[in-house]
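Trainee: turn this into a model:
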Amino acid sequence: MNIFEAYNSTKKALQKAGIEDYVFEAKQIIKHITGFSSSEILMNYTNALTEYQSNNLTAIIRQRELRYPLQYIFGEWSFYGRDFYVGPGVLVPRADTETVIEVCLDYLKDKKEPKILDLCAGSGCIGITLAKEIKDSTCLMAEKFPEAMRYAEKNILRNKAENARVIAGDIFEGAGNEDKYDLIVSNPPYIPEKDTETVSPETKYEPHTALYSSTDGLEFYRAITENYKGSLKQNGMLCYEVGIGQANAVKEILKTAGFADIGTKKDLNGIERAVYANLK
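Mentor: You can find the predicted model right below:
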């Protein structure tokens, strides 16, 4: 089987398995097993797969047919142009979250030596990205679970983010709120418990604690807004990632807490994905 044939058979297998983005995934899988870039694949598409590559391809397809996350299979994933280690015990970085990055970078662009707090940090993709994009910033990331913390620590080293560090802590106990910050950002668990049956099959392999919140999915937004309002500098920003249909409820939480300049930003699918506000 050559590369072109492998790509086509992979597409068909993924489509049959019900994977929505089967074309994109097939390309990523072929790149992964061959080590080729997209342009190199085009130049070498008639090359036959080695026995090792063929066996690897079969194993990956079988795992995806079980809907095991592609990101876990690879052990890494790209986020905002950088690669992050991921695996069981940590939430997979998603393109939707890049919307939050854009809001934060726009806010921080004129700040000098900003201090950032990333809550429910997981793999560290938000905090590390902000630390790398804003060179003179310092970023503290708080994460409760040891498995996720280990990924954050590895990703700090991988991306050489010397101005970022991660601490163990629970947001319900005020982890990291001893200081004052220009920006507090969080992508907390926000899927309501009642929606466990409606999410994609891949999420059953991701940590339940990183995905699901209370009955209405707003528990973490209420707690962070209440516990960390006093940790923001004057005119500091609080920025959240939110789930589908949650933006108005989160805006109301911020409004009730006395925040101003409350706004939202849509992701590439037109969903209000980031909610942000300033402390006057």
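
Trainee: residues touching the helix or strand hosting R273, excluding its own?
Mentor: Taking DSSP states H and E as the definition, R273 sits inside strand 272-278. Residues from elsewhere that reach strand 272-278 (CB atoms under 8 Å, 6 or more residues apart in numbering): 96-97, 99-100, 102-103, 107, 235-242, 247, 250-251, 254-255, 259-267. Bear in mind the C-beta positions are built from the backbone N, C-alpha and C, glycine included.

Trainee: and the residues you listed, which of them are in strands?
Mentor: 235-241, 260-266 (DSSP state E).

Trainee: out of those residues, which is most surrounded?
Mentor: The most neighbours of any of these, using other CB atoms under 10 Å, belong to Y240, which has 29 neighbours.

Trainee: neighbours around the residue nearest to that residue when sequence neighbours are not counted, how many?
Mentor: Nearest residue to Y240, sequence neighbours excluded (CB to CB, 6 or more residues apart in numbering): V275, at 5.0 Å. Burial of V275 is recorded as 25 neighbouring residues (other CB under 10 Å).

Trainee: N227 versus V275, what's the distance?
Mentor: Distance, V275 to N227, by CB to CB, to the nearest Å: 17 Å.

Trainee: one more: A48?
Mentor: As judged by CB to CB, A48 and N227 stand 59 Å apart.

Trainee: partners of the helix or strand encompassing D118, with directions?
Mentor: D118 is part of strand 115-119 when elements are defined by DSSP H and E. Strand 115-119 has the following strand partners under DSSP bridges: strand 138-143 (parallel), strand 181-186 (parallel).

Trainee: can I get those in TSV including distance to S231?
Mentor: Shown next, in TSV, are the strands paired with strand 115-119 (distance: least, CB to CB, whole Å):
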stretch	distance to S231
strand 138-143	11
strand 181-186	6
